[in-house]
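Novice: quick one: sequence plus predicted model below, questions after.
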Amino acid sequence: MLMPMPATLSALLTDYEKLAAEQTPNSERHGQRLRDLMYTLCVSTGTRTIDDALTTARAYLNTHITGTFAPAA
């Protein structure tokens with residue numbers, strides 16, 4: 001599977017986590033940006049759900065620390 005550059009994936013993950021954690025996500029712009037990030041993370045990791053995308057992204061980024069990639073089952 002093709003994976004994005006680690007810096008790109010890390011930025012997507014950070015942006016998603018920040019936006020998802022916001023206390024007042026009342027604007028349409030916020031919702032659209034969150035949906036865009038979810039879609040991009042799923043496409044980038046070859047998954048269909050945001051939970052799987054987050055798990056796969058974190059595992060992939062962890063390889064740059066440990067050196068072994070174990071994709072989510």
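Specialist: That came through fine. Numbering: from 1, shown residues only.

Novice: what residue ranges in this protein score low on pLDDT?
Specialist: 1, 25, 65-73 (pLDDT under 70).

Novice: just the helices from it, written as ranges.
Specialist: Per DSSP state H, the chain carries helices over the ranges 6-21, 28-45, 50-66.

Novice: now those helices in CSV, with mean neighbour count?
Specialist: For every residue, glycine as well, the C-beta is placed using N, CA and C. Formatted as CSV, the helices of the chain follow (neighbours: other CB atoms under 10 Å):
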stretch, mean neighbour count
helix 6-21, 14
helix 28-45, 15
helix 50-66, 16
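
Novice: how far away is Thr40 from Thr24?
Specialist: Going from Thr40 to Thr24 by CB to CB, to the nearest Å gives 23 Å.

Novice: start to end distance for stretch 37-53?
Specialist: 11 Å (CA to CA, to the nearest Å).

Novice: so what touches that stretch?
Specialist: Around stretch 37-53, the neighbours that count as contacts under CB atoms under 8 Å, 6 or more residues apart in numbering are 1, 3-4, 8-9, 12-13, 15-16, 19, 54, 56-57, 60, 72.

Novice: repeat the analysis, applying 7 Å as the threshold.
Specialist: Here stretch 37-53 makes contact (CB atoms under 7 Å, 6 or more residues apart in numbering) with Met1, Pro4, Leu9, Leu12, Asp15, Tyr16, Leu19, Leu54, Thr56, Ala57, Ala72.

Novice: excluding sequence neighbours, find me the nearest residue to the second one.
Specialist: Leaving aside its chain neighbours, Pro4 sits nearest to Ser44 (4.9 Å; criterion: CB to CB, 6 or more residues apart in numbering).

Novice: go on, the third one?
Specialist: Taking CB to CB, 6+ apart as the measure, Leu9 lies nearest to Ala57, with 5.5 Å between them; neighbours along the chain are not counted.

Novice: and the one you found, what is it in contact with?
Specialist: Leu9, Leu13, Leu41, Thr45.

Novice: dump those residues into a markdown table; add distance to Arg33 as well.
Specialist: As requested, these are arranged in a markdown table below (distance: CB to CB, whole Å):
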| residue | distance to Arg33 |
| --- | --- |
| Leu9 | 17 |
| Leu13 | 14 |
| Leu41 | 12 |
| Thr45 | 18 |
